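> Sequence isn't available, so here's the structure alone:
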């Protein structure tokens, strides 16, 4: 990867307009140090790396376009499928991550395929007299990977391009042998209506 991002005081302030107190050169140095640590590991290896992004497709077709590799142990990666906030910190000279979000899964990194690069948003703690407070936002280039769980149930259909209806079948109390079919946004009152919807879709 040859994309490099570095911050100065003005650009870090611009990226953190809601920081809550004045950003100092110490925070600029910390963010640039995190960027350097992230670049160093990616310059040494071409395989999936902690902090990278994954386009993840589950066996049932659920698409997660911005999943995050939190940690790699041996050949397995711990992945947060819907990351909310990704904190980055220096762990003895190595960029490490602490991610909020869910669900989580673990996959073999050997089954991931390259899918380009992406600029991701990370956060790290700022400094203030007497205490560490405030989280600094910064952007960093990372590699992107594709992972699809084996044996897909729906022949390649995924929620990236298709919408999934969750429909529940309920016995109709007023009509013997009949059912209603309910989703979050509609109700069908017979099996024939369900079959008609399936044919349209």
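Cool, the structure landed. Owing to the predicted nature of the structure, the values given are computational and were not obtained by experimental measurement.
> helix or strand for the most centrally placed residue in the chain, which one?
Nearest to the mean C-alpha position of the chain, by C-alpha atoms, centre = their mean, lies residue 67 at 2.6 Å. Using DSSP states H and E, residue 67 falls within strand 63-73.
> Buried residues, that strand. List them.
Residues of strand 63-73 classed as buried: 63, 64, 66, 67, 68, 69, 70, 72 (neighbour count, 16 or more other C-beta atoms under 10 Å). For the C-beta atoms, the positions are set from N, CA and C on the backbone; glycine is no exception.
> Correct me if wrong: the first one contacts residue 164.
By that I understand residue 63. No. With contact defined as C-beta atoms under 8 Å, residue 63 does not reach residue 164; the gap is 10.0 Å.
> other SSEs contacting the strand holding residue 67?
strand 53-57, strand 76-80, strand 83-90, strand 95-101 (3 or more C-beta pairs under 8 Å, 6 or more residues apart in numbering; DSSP states H and E).
> Partner strands of it and their direction?
Strand 63-73 sits in its sheet next to strand 53-57 (antiparallel), strand 76-80 (antiparallel), going by DSSP bridges.
> which stretch among these comes nearest residue 107?
Closest approach to residue 107 among these (C-beta to C-beta): strand 76-80, 5.8 Å.
> Show me the contact partners of the closest one.
Here strand 76-80 makes contact (C-beta atoms under 8 Å, 6 or more residues apart in numbering) with 48, 54, 56, 67-72, 99, 101-109, 112, 147.
> packing partners for the helix or strand of the chain with the lowest mean pLDDT?
Ranked by mean pLDDT, DSSP states H and E, the weakest helix or strand in the chain is helix 191-200, scoring a mean of 88. When contacts are defined as 3+ C-beta pairs under 8 Å, 6+ apart, helix 191-200 packs onto strand 179-182.
> Other residues contacting the strand holding residue 67?
48-58, 77-83, 86, 96-99, 101, 104, 109, 120, 145, 158-160.
> can you rerun that using 6 Å?
50, 52, 54-57, 77-81, 83, 86, 97, 99, 158-160 (C-beta atoms under 6 Å, 6 or more residues apart in numbering).
> Quick one, which of these are buried?
Buried among these (16+ other C-beta under 10 Å): 50, 52, 54-57, 77-81, 83, 86, 97, 99, 158-159.
> Run a quick neighbour tally on residue 176.
7 (other C-beta atoms under 10 Å).
> how much space between residue 150 and residue 108?
11 Å (C-beta to C-beta, to the nearest Å).
> Pick out whichever of these two has more residues nearby.
For residue 150 versus residue 108, neighbours defined as other C-beta under 10 Å are more numerous around residue 108 (11 against 6).
> Quick check, pLDDT for the more buried one.
At residue 108, the pLDDT value in this model is 97.
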